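Undergrad: using only what follows, build the 3D model:
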Amino acid sequence: MVSPQDSPYLVKTPLTQIVYKLPVTEYPNHKFIGCSDIIDYEIHNKLGEGTFGEVHKGIHKKTNKVVALKRILMHNEKEGIPITAIREIKILKMLSHTNVINLIDMAIGVDESNSNTDANNEAQPSIYMIFPYMDHDLAGLLENPKVKFTEAQIKWYMKQLLEGTFYLHQHKILHRDLKDNKGVLKIGDFGLSRPLQEKSLTGCVVTRWYRAPELLLKERRYDTAIDMWAIGCVFGEMLKGSPILRGRSDQDQLDLIFKLCGTPTEEDWPDLLDKLLVCNPQNRATAFAALDHDYFFTEPLPADPKE
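TA: Predicted structure coming up:
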């Protein structure tokens, strides 16, 4: 376990000082290669589906580096690349933070696994977004009954989540998805994200169980506070071992929220959760305030990722 003297993360100072005390390597200026040919990569097993495409495990042939390839699905090639894909590419190219997933390359070409053909039975080219390969999806870890987080591990993940969220909020971006690689948490999947000034109700994009009450109440304008509510739900889930608000409908979700938010006590939940799960978004803790909470500076301290 690192001591407060050894780690800039564990020194309680104003958040702006914490950010600028971090080693340079903590905020890498990742290199975006540009546009490669898909033949530069070996495409392996399918990992899942993202917002607008399939995700496969792959290997960059020249470097032998394991990567994740997200193939952008174009259901109607005449309309071009989906706006969600363009939005995610644009956002990821402008962001650089240890706890935010980085886009390392784009690739184009026709691969053997792509059965997409036109009227003349000619294979259509595919466009891929290339990401670092991540060992786990945090949701998958939370759903695994064999995985039990210690309090120190919960603090470590929460600090990373809040630091990445604070960075995104500084850039007026709302987040969506979480990945984990050897204890390093990264926020990803920006297909449904938008710059905050453009954010309005165009359909709920947050899974109901993590949806802030203002979204459930059909608020047309909302801000970064919706992320803080979702973070509170993730925090509670890590503490409890299962989702804390399992609404079967929007109204049921609201009922559960109103029941919960009137009942938390210091014995039930740490103070920090009580600051995140606040119905009024104006009174909800920001990522800035949450990072400076006493929760992260009392024993047990956040875990060392090497452990």
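Undergrad: all helices of the stretch 51-200 of the chain, in order?
TA: Using DSSP state H, counting those that start in this stretch, the helices assigned to the stretch 51-200 of the chain run over residues 83-94, 138-143, 151-170.
Undergrad: same deal with the stretch 201-307 of the chain?
TA: Along the stretch 201-307 of the chain, the segments classed as helices by DSSP H, counting those that start in this stretch run 213-216, 225-240, 250-261, 271-276, 287-291.
Undergrad: CSV please, covering those and showing distance to S36 and mean neighbour count.
TA: (Each C-beta comes from the backbone N, C-alpha and C, glycine too.) Output for the helices of the stretch 201-307 of the chain, formatted as CSV (distance: least, C-beta to C-beta, whole Å; neighbours: other C-beta atoms under 10 Å):
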stretch, distance to S36, mean neighbour count
helix 213-216, 39, 20
helix 225-240, 33, 22
helix 250-261, 44, 15
helix 271-276, 41, 19
helix 287-291, 35, 21
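Undergrad: quick check: end-to-end length of stretch 55-70?
TA: End-to-end distance of stretch 55-70 (C-alpha to C-alpha, to the nearest Å): 4 Å.
Undergrad: for the remainder of this discussion, apply numbering that starts at 246.
TA: From this message on, residue numbering opens at 246, which makes the last subject stretch 300-315.
Undergrad: how about it: buried residues?
TA: Neighbour-count burial for stretch 300-315, counted by 16 or more other C-beta atoms under 10 Å, picks out V300, H301, G303, I304, H305, V312, A313, L314, K315.
Undergrad: from what I can see the fifth one touches D282, true?
TA: By that I understand H305. No: assessed by C-beta atoms under 8 Å, H305 is found out of contact with D282, at 11.7 Å.
Undergrad: rewinding a little: nearest to E287, of the helices of the stretch 446-552 of the chain?
TA: Shortest distance between E287 and these, using C-beta to C-beta, is found for helix 470-485: 34.0 Å.
Undergrad: one step back: which of the helices of the stretch 296-445 of the chain is buried the deepest?
TA: Among the helices of the stretch 296-445 of the chain, helix 396-415 has the highest mean neighbour count (mean count of other C-beta atoms under 10 Å), at a mean of 22.
Undergrad: next, the angle helix 328-339 makes with that one.
TA: 100 degrees (axes from the mean of the first three to the mean of the last three C-alpha atoms, to 10 degrees).
Undergrad: helices and strands around helix 396-415, which ones?
TA: Judged by 3 or more C-beta pairs under 8 Å, 6 or more residues apart in numbering; DSSP states H and E, helix 396-415 is in contact with helix 260-266, strand 429-433, helix 470-485, helix 532-536.
Undergrad: which strands and helices sit next to the longest one?
TA: In this structure, helix 470-485 packs against helix 383-388, helix 396-415, helix 458-461, helix 516-521, helix 532-536, with contacts taken as 3+ C-beta pairs under 8 Å, 6+ apart.
Undergrad: re earlier: turn the helices of the stretch 296-445 of the chain into JSON lines, columns for mean pLDDT and distance to I353.
TA: What follows is those, written out as JSON lines (pLDDT from 0 to 100; distance: least, C-beta to C-beta, whole Å):
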{"stretch": "helix 328-339", "mean pLDDT": "80", "distance to I353": "13"}
{"stretch": "helix 383-388", "mean pLDDT": "80", "distance to I353": "30"}
{"stretch": "helix 396-415", "mean pLDDT": "91", "distance to I353": "28"}
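Undergrad: would you turn the ones you listed into a markdown table with distance to R466?
TA: Shown next, in a markdown table, are the helices of the stretch 296-445 of the chain (distance: least, C-beta to C-beta, whole Å):
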| stretch | distance to R466 |
| --- | --- |
| helix 328-339 | 19 |
| helix 383-388 | 28 |
| helix 396-415 | 16 |
